[in-house]
Every structure is written in structure tokens, then in C-alpha cells.
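A.B. asks: Sharing a model that was predicted from the sequence below.
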Amino acid sequence: MAALDDVVAPKAKRKLTGYWLILPGAVWLLIFFVVPFYSLVASSLFDPKGSPLTGYDMTFHFQNFWDAIDKYKGQIWRSLWYAGVATLLCLVVGYVLAYAIAFKAGRWKNLMLVLVIAPFFTSFLLRTLSWQLILSDDGWVTSLARSTHFIDLLQVVGLVDGDRLLATQFAVIAGLTYNFLPFMVLPLYASLEKVDPRLIEAAGDLYASPMRGFFKVTFPLSLPGVVAGTLLTFIPAAGDYVNATLLGNTNTRMVGNSIQSLFTSQGDYAAAGALSVILMVIIVAAVMLYVRTAGTEDLV
Amino acid sequence: MSQVHEVTPGGPPEASGSRDLKISRLTKEYATFTAVKSLDLVVPQGQFFALLGPSGCGKTTTLRMVAGLETPTSGTIELGDTEITFAKPYKRPVNTVFQNYALFPHLDIAKNVAFGLERRGVKDTKKQVADMLELVELTSQAHKKPTQLSGGQQQRVALARALINKPEVLLLDEPLGALDLKLRRGMQLELKRIQTEVGLTFVHVTHDQEEAMTMADTVAVMNHGVIEQMGAPIELYENPRTTFVANFLGQSNLLAGEIEGREGDQVKVRVQGAVASVPGDRAHSDSGKGWLGIRPEKVLIAEAGQPIDAPGDVIEGGHVTDVSFVGVSTQYSVRMPWGQELMVFEQNTGARAMLPVGTAVDISWRPEFAFLLDASQDAKAGIEED
């Protein structure tokens, strides 16, 4: 029978192979994404009068969304703002680093890549906690910032108030930048590595100074990495609550902090669900707009 | 930034004085070897010049030094009376057609071609780009991306992208290397036509001797970082000065001989008992042992005992060991009494049937076609192993 199948329908069989290969991933997504997502959307429409003890009624209570926006718009804006600034800082720092690794590192290339990934060997939480030490009031970073008046500059732009670095907006953004930097560096490196150095030579041959060659050839060719890196940084940063918890103060709460406390300490599943859905919609819309504008599908 | 004084934007260089490319004692040393050894070279303005040599002979390194992509260890490069040895690549009135074309994949064809003009701040590039695309017959492809074009079309874009800048010297680094044979032949003629049309100095690097001979006014044969011989293609072919040139440019039979000395404008050489005379200007050695060279198509062949139309000595006692028929000619391998195999190419004029393997034959040649080389050189230099 099997032999006959081989003879009669090798093509049909080959077609089926594709579906079989998709199956494990599809099942995984179904169990761990589609079902939880459904449950999340469902809880966002629960009757807000319920509680985890008494149970919730499904009342299609759309008012949850308006209530959540009204109550937490400050945190939502703050999240987008912090994530945006952190992403921009990551892009600047990460681009220089990725460029150096791709073009200047020579035989140190692999070692440098390992160093970029090395922080992942330690827990995210521990690393963020150690930033508390780094930025502590009597630490050398803070005293250096004081003696160089960097702290005054931060105060002028409103990132710190008073003369401390810890428990400020500055600390939260610095933590976010630090924690998500590898997610920026790796895709940037991957696309810079693919840029043919002969193209840069050709640009030089065609009267482009190194600076102009960079902006006309290298940077456009690395755009796929820029897009991937900024997305991988911005999305998790916008939903992060660890940095704001450990490095911030009560005025630096991000939307992640609100969701976490609504869910775990206040037991308000309906509001937590609504806020999660709102964050997700905002991010998906922003990403779609961004990818469209960047127009990366045009790039090779 | 765009005010580069060596460059005359959008126009040919001033006619004042000649703008020959002059390379003096140019040397490039790497940690482990010397790529170019004290090279001297003058390429007259407007010439099609070919640097010919096997891979690793230093020809590409030389080209890259002229382009400014490598820094010479010593020596100078001058364009007319401007020294450009250490000028930055983007400040030289020199453009390159790269071996892999190096077209910018994110720009369309028109933008690729306009790249150089825009970097020099030329405002209206449209007309020039259109003219250039017309010259290379790619007008209809202007808005495609490089990856959408065939190899031959990409090659022409690379050419247009360099030519539009009207460089004083256009460098071509194996520009036809990636094309298939038929396309290559077509592009060779095309390149030659364009060069004649625009009248710029072309320096063409290639390892293909046929390509160099068909296109170039002057060919320099390079080997191990030095120029072995330089001259018009016909001169190099007919009167090679080294065994390398004799073997790399076409094929040669080299017979070991004792040079008896110069007599008038002839040099006598004793080869296998017979004495041959080589014209003085074709003898590159005067005494001691020598290699007597003769091109295979200059060797005449006949069945043993049959008359041969040549004034020189007839060498008897050969027999055919191999025959290959290549259409326009028949190529014989003839084993001589002293054991050497000689190549003999005969036109297929139809005057005589092909001589089968084993036939006893006599050979001869006109002495004025022979050349004489110093025997200290390797007789197999320049023969491509494959």
C-alpha cells in the first residue's frame, strides 16, 4: 500500500509533509497563545464587581476599557515614553557596538558576541537588583554624577529630582536600556555582518567620504536589523514592570506595574485584563505603522 | 566636501598637458609576501591598457593601489603632474568597475548610476543618467533593482556607474570574469566600442590572455609582482622575451640549444645537431644555453620525405603521437627523435588529409619566426596546470 502511494501520489505526499512540520508549532501556539489570549480577552469583559473569591460573571462589560484608560492613561503614556527613550538609547549604543563587532573586531568577533550574550546567564531580576547597588546614593556612580554636575543636567530635563540617581526616571530608563541592549545588538550585528565590505569600497570609489558612504550605503542596508532590533527592544520594554519596581519610585509606575498589582494584589481581573488588551492593541498598531513606514520589505 | 580639486565635475579633464598614468617603483609588501615589486609603468592618456597575469601575480593589488583601496608600501602613482599615491579613494579622479560589480542592492539602476554624480554635488543628474543608460543599452531597466538583472546587464550597470563620472582613468578588475563565454565575447567588443567612443584611459586587469589581446592597445604581462614584458599584443605574441610570456600568451615549443654567437644581425643556435639562425631582434640571449622557441602554428609538417615549403632546415624522424581536430585547424603532437613532444597546428585548408597517429613526419619552420630565450628560465613557466 505504501509502495503504491509512493508511485501514485508522490506530489500529494510532499504537500502533506509541510503540514506535518507545522503541526507541533501550531499545537504549541494553540495551547499557549490562543487559549490564554481568549481567556485574557474574556476576562477583560467580566463584570468588574466580581472577585477571585466570588468568581466573575461574563457580562460583556465594555465599560472596563474606558475605565482602564481613564484611570491608567498616565501609566500607559509613561510606558510608551520610557520604552521609546530606552529603545533610542539602545539603538545608538547598540549600533556603535554592533558596527564595531561586525567590521572592526577581527578575530575578537566571537568573543565580543559572547560578551553581549553573557548577561543572559544571570537572572534578569538579579541584574536589575544589582543596578540598585550601582546607582546607590553613596556609590561612586552617583558621586561622579554629582561632581561632574551630570545630575544637575538630568534634573533640568526632569529625569531626576533631588540629588540621587536611584528611584528616579533616569534609573528606570537606564535599567531598561541595559536590560534590552542585547536584543538590539544581535539583530543589528546580523544585518551589518551581511553588508558586503566591497559595497563600502565601491561607495568610496564613487566619491563618497566614509561618513557619506555610511549614511548612503551601510545604514540603509542595515535597516532590517534596525527595525528588528527596535521592535525587540520596544515591545518588551513597554510591558516591563521589573525595572520600574526595583529602580523607580511611586511616580515612575509603568503600565506593567499596574497590571501586576491589579492582578496579584487587588484581584481585579477585569481591569487587569482590559488594561492588558489595551496595551497589546496600542503596541500592535504602533508596530504595524512603524514597519509600514520603514518599508523594509523593499530591502534585499 | 564635494570640492575635490583633482576632480572636474561633469566634464573631461582640461586639455593642458597629458594626463598619463605614471607608476614609479611601486611596491606593496604584506606580512608574508611581496605582492608588487618595484613596478614601473606608464599608461598614456586615452589608451586601453591591459594588465595580464595569472591569479596572485599582483595585478589586482596594483589596480587597487591606483584606485586608492590599498596603500602602497613605497613608490609613487601620478596622474599627469598630480601625485595621487596617498590620496583618499573618494578624492581621486579614478573609478573602478569591480569584479563582482558591487552594485548597491538597495538602489535602483538609475540611482546606482547617479551615485557618483550626486556625491560630487551635481544637481541635475537625470539627463546624464539617461544618456549613460542609453550608451549601455539599459534605458528600459532604469527602475529595476540590481538583483532583477542578468549578469551581463549588471556588468553594464557597473560600467555605466563608473563611466558617468568621466574619470581620468577607468579601472576594470576582471570585469567579465563572471560572465559565460559567449556573453564575454560580446562584452569585449562592447567595452572596446565604448572606450573608443568616450576616449578615456582604461586599465583592464585580466587573467584571460585572449581578452587582453583582443581589447588592449598595450598589454603588460605580470608574474610574481613584476612586469615580464609590455607591448602591443602582436609584439608580445610574436616576440616574447621570457618563457613565461611565451607560454602564458598562447603556446610555444621550446627546444634546448647551445648558442654559438651573434653573426651580423643573426644569432646562431645549435639545436639537436642542426644550426638555426634567429634574427637579432628576436634573440634575447647571446651566449651559453638557450631556449629556441617557435609557435605551434608556425611549425610546418609533412609526411616523411615529402617537400616542406620552408627555407630552414628540415628536421626528420618525428612521428605523430596525438591528433585533435578543432575545426579551423588540426593540432598534432609530434614526438621528435630526442624524445621531446612538439605541438604543431595546421590550418585545415583541405590541401591534405589529416595525418593519423603513428605517421612518420618531417617538420620545419621559417627561421625568422623563431625566438631565442635565456636557458636559465623554467621552460614550463606560465603553463596553466589544469
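C.D. replies: On my side now, so go ahead.

A.B. asks: make it CA atoms for all contacts and neighbour counts henceforth
C.D. replies: OK.

A.B. asks: Give me the contacts around the host helix or strand of B:Phe115.
C.D. replies: In the assignment (DSSP states H and E), B:Phe115 maps to helix B:109-119. Applying C-alpha atoms under 8 Å, 6 or more residues apart in numbering or on different chains, the external contacts of helix B:109-119 come out as A:206-208, B:2, B:9-10, B:103-104, B:125, B:129-130, B:133, B:141-146, B:157-158, B:160-162, B:164-165.

A.B. asks: So which of those residues sit within strands?
C.D. replies: Under the assignment DSSP state E, the contacts of helix B:109-119 contribute nothing to strands.

A.B. asks: In PDB, list the C-alpha atoms belonging to stretch A:54-67.
C.D. replies: C-alpha atoms of stretch A:54-67 as PDB (Å, rounded to 0.1, in the frame of the first residue of the first chain):
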ATOM      1  CA  THR A  54     -16.600  35.000  44.500                       C
ATOM      2  CA  GLY A  55     -16.000  34.400  40.800                       C
ATOM      3  CA  TYR A  56     -16.700  36.500  37.800                       C
ATOM      4  CA  ASP A  57     -19.700  36.800  35.500                       C
ATOM      5  CA  MET A  58     -19.300  37.300  31.800                       C
ATOM      6  CA  THR A  59     -21.400  40.400  31.100                       C
ATOM      7  CA  PHE A  60     -19.600  41.800  28.000                       C
ATOM      8  CA  HIS A  61     -18.800  44.900  30.100                       C
ATOM      9  CA  PHE A  62     -17.100  47.100  27.600                       C
ATOM     10  CA  GLN A  63     -17.100  49.900  30.000                       C
ATOM     11  CA  ASN A  64     -14.000  48.100  31.500                       C
ATOM     12  CA  PHE A  65     -11.900  49.500  28.700                       C
ATOM     13  CA  TRP A  66     -12.900  53.100  29.200                       C
ATOM     14  CA  ASP A  67     -12.500  52.900  32.900                       C
END
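
A.B. asks: For it, what is the distance to the chain centroid?
C.D. replies: For stretch A:54-67, the separation from the chain centroid amounts to 29 Å (computed by C-alpha atoms, centre = their mean, to the nearest Å).

A.B. asks: ok, and for that stretch, which residues are buried?
C.D. replies: A:56, A:64-65 (16 or more other C-alpha atoms under 10 Å in any protein chain shown).

A.B. asks: neighbouring contacts of it?
C.D. replies: A:42-50, A:270-271, A:274-275, A:278.

A.B. asks: what does chain B have sitting close to chain A?
C.D. replies: B:67, B:69, B:89-92, B:94-96, B:98, B:102-106, B:115-116, B:119-120, B:162 (C-alpha under 8 Å from any C-alpha of the partner chain).

A.B. asks: Looking at those, which are in helices?
C.D. replies: Counted as lying in helices by DSSP state H, out of these, are B:67, B:115-116, B:119, B:162.

A.B. asks: Would you confirm that A:Val226 contacts A:Pro187?
C.D. replies: Yes: here A:Val226 reaches A:Pro187: they are 7.4 Å apart, a contact under C-alpha atoms under 8 Å.

A.B. asks: OK, contacts around the residue nearest to B:Ile164 when sequence neighbours are not counted?
C.D. replies: Leaving aside its chain neighbours, B:Ile164 sits nearest to B:Met132 (6.4 Å; criterion: C-alpha to C-alpha, 6 or more residues apart in numbering or on different chains). By C-alpha under 8 Å, 6+ apart, the contact set of B:Met132 is B:160, B:163-164.

A.B. asks: mind listing what the residue in the stretch 1-150 of chain B that chain A sits nearest to touches?
C.D. replies: With C-alpha to the nearest C-alpha as the measure, B:Tyr90 is the residue of the stretch 1-150 of chain B nearest to chain A, at 3.9 Å. Listed by C-alpha under 8 Å, 6+ apart, the contact set of B:Tyr90 reads A:204-209.
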